[in-house]
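Novice: Model the following, please.
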Amino acid sequence: MTREAGRVPDRAELADRAAIAEILALHCRGVDRADEAALKSCYWPDATTAYGEAAVPAHPFCSQLASAITAYAQTHHMVTNSLFVFDGDRAQVETMLLAFHYRESADGDDSEMTYLGRYLDDFEKRGDVWKIMHREPVMSWSQNSRATHDADHPALSALRRAGRYPDDPLYQLAKTRASF
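Specialist: Okay, here's the model as predicted:
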């Protein structure tokens, strides 16, 4: 179903957009923290993903992704510019993706892979909950290059360092504050 571009959404649609945006952001966190539970919480149990030639069940894929992403010392995924098309309890969502993947090397020849693309998602609402039913990433461009990491830079030396689940500062803060 198409809609008039620029149409003002009603309150219910704004709430639906906010719920979907939360899933999009949580998926980025799940990847970057290698947090399998966070990743799986973004998909319905019967959902699929197509990160390759064929669609596969999403939950087993999330387990593999959480493990595989640790080949990189750090990753940083960002989503922007989401477009929504709602049809009742279903939504098609196109979201721009920018991701950085930092790989350390024992010989100091570190590298960075930059990835630009889009997520093409089919979301489904069950009750009051939106989750992904199918995801297909589409690559626009990527680049591999040598990289450096200046952990001792004076302006940055006092900052806490990102980590994977459960060692990232986010999970330590969650123990002392209301859950993120």
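Novice: Pull up the pairing partners for the biggest strand by length in the chain, direction included.
Specialist: If each strand of the chain is counted by residues according to DSSP state E, the longest one is strand 129-146. Partner strands for strand 129-146, per DSSP bridges, with pairing direction: strand 43-49 (parallel), strand 111-126 (antiparallel).
Novice: continuing past the helix ranked longest in the chain, what's the next helix or strand?
Specialist: Counting by DSSP state H, the longest helix found in the chain is helix 11-32. Helices and strands here follow DSSP states H and E; after helix 11-32, the next one along the chain is helix 36-40.
Novice: which other residues reach that next one?
Specialist: Residues outside helix 36-40 that contact it (Cβ atoms under 8 Å, 6 or more residues apart in numbering): Leu26, His27, Arg29, Gly30, Val31, Ala58, His59, Cys62, Ser63, Leu65, Ala66, Tyr165. The C-beta positions use only the backbone N, C-alpha and C, and glycine is treated the same way.
Novice: again, only using 7 Å
Specialist: Residues from elsewhere that reach helix 36-40 (Cβ atoms under 7 Å, 6 or more residues apart in numbering): Leu26, His27, Arg29, Gly30, Val31, His59, Cys62, Ser63, Leu65, Ala66.
Novice: Now the third one. Nearest residue, chain neighbours left out?
Specialist: So the one you mean is Arg29. The shortest distance from Arg29 to any non-neighbouring residue, by Cβ to Cβ, 6 or more residues apart in numbering, is to Ala38 (5.7 Å).
Novice: Setting the sequence-adjacent residues aside, check what's closest to the residue nearest to the spatial centre of the chain.
Specialist: For the chain, Cys28 is the residue whose C-alpha lies nearest the centre (Cα atoms, centre = their mean; 2.2 Å). Counting by Cβ to Cβ, 6+ apart, Cys28 lies nearest to His77, which is 4.0 Å off, once chain neighbours are set aside.
Novice: Please report the distance of Lys40 from Leu173.
Specialist: Using Cβ to Cβ, to the nearest Å, Lys40 is found at 22 Å from Leu173.
Novice: quick one on the thing from earlier: now neighbour count and pLDDT too, for the contacts of helix 36-40, in TSV please.
Specialist: Rendered in TSV, the data for the contacts of helix 36-40 read as follows (neighbours: other Cβ atoms under 10 Å; pLDDT from 0 to 100):
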residue	neighbour count	pLDDT
Leu26	16	98
His27	24	98
Arg29	17	97
Gly30	23	97
Val31	21	97
His59	17	98
Cys62	24	97
Ser63	12	96
Leu65	18	95
Ala66	21	95
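Novice: Which one of these is nearest to Leu120?
Specialist: For the contacts of helix 36-40, the minimum distance to Leu120 (Cβ to Cβ) is 13.5 Å, reached by His27.
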